[in-house]
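Chemist: quick one: sequence and predicted model below, then my questions.
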Amino acid sequence: MNSYRDLEIWKDSIKLIKKIYKIVNILPKTEEYNLKLQLKRAVTSIALNIAEGKARKSKKEFVNFLTIAFGSLTEVGAILDICIELNYINDDINLKQNIEILSKRINKLRGFLR
């Protein structure tokens with residue numbers, strides 16, 4: 001496994017980005033600089049931190065970047081909860097399952113690297 005592109009968690013994060021960007025498009029225009037922007041930043045942060053962490057020299061640094069990616073994933077989940085509460089989107093069980101699976105995979109890799 002030489003590249004971040006080989007990591008299943010990175011591939012999963014890209015799938016999540018695609019799903020979130022579709023959701024962002026249905027949010028109201030009034031959320032352009034609030035929820036939309038924050039959701040896009042948080043979801044892309046997951047993939048970017050996985051990639052950057054994989055490029056680091058030590059396992060300890062990689063674990064740190066995975067921790068940041070996990071935090072961004074949690075942020076995505078929280079923003080989606082807010083969107084549901086504001087009735088901007090429907091409660092999507094499949095999306096929540098995707099987030100939960102990615103969460104478990106990130107934690108599993110962090111544990112393995114420690």
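Modeler: Happy to help now that I have it. Numbers count the residues shown, from 1 in each chain.
Chemist: can you give me the neighbour number for residue 46?
Modeler: For residue 46, the tally of surrounding residues (other Cβ atoms under 10 Å) stands at 30. Where C-beta positions appear, they are placed from N, C-alpha and C, glycine not excepted.
Chemist: helix or strand: which one has it?
Modeler: Assigned by DSSP states H and E, residue 46 belongs to helix 37-55.
Chemist: tilt between the very next helix or strand once past that helix and helix 37-55?
Modeler: Going down the chain from helix 37-55, the next helix or strand is helix 59-85, by DSSP H and E. Regarding helix 59-85 and helix 37-55, their directions subtend 160 degrees when assessed with axes from the mean of the first three to the mean of the last three Cα atoms, to 10 degrees.
Chemist: and helix 59-85, what does it pack against?
Modeler: helix 8-24, helix 37-55, helix 93-113 (3 or more Cβ pairs under 8 Å, 6 or more residues apart in numbering; DSSP states H and E).
Chemist: other SSEs contacting the longest one?
Modeler: For helix 93-113, the contact count by 3+ Cβ pairs under 8 Å, 6+ apart identifies helix 8-24, helix 59-85 as packing neighbours.
Chemist: show me which positions of the helix holding residue 46 end up buried.
Modeler: Of the residues in helix 37-55, 38-40, 42-51, 53-54 count as buried by neighbour count, 16 or more other Cβ atoms under 10 Å.
Chemist: for stretch 97-104, same thing?
Modeler: Buried-residue list, stretch 97-104, by 16+ other Cβ under 10 Å: 98-99, 102-103.
Chemist: residue 70 reaches residue 103, doesn't it?
Modeler: Yes. Look at residue 70 against residue 103 with Cβ atoms under 8 Å: they come within range, at 6.8 Å.
Chemist: below-threshold pLDDT in this protein: ranges please.
Modeler: 1 (pLDDT under 70).
Chemist: so what's residue 45 up against?
Modeler: 68-69, 72, 75 (Cβ atoms under 8 Å, 6 or more residues apart in numbering).
Chemist: in TSV, list the helices and strands packed on helix 59-85 along with distance to residue 86.
Modeler: Below are the helices and strands packed on helix 59-85 laid out as TSV (distance: least, Cβ to Cβ, whole Å):
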stretch	distance to residue 86
helix 8-24	13
helix 37-55	13
helix 93-113	16
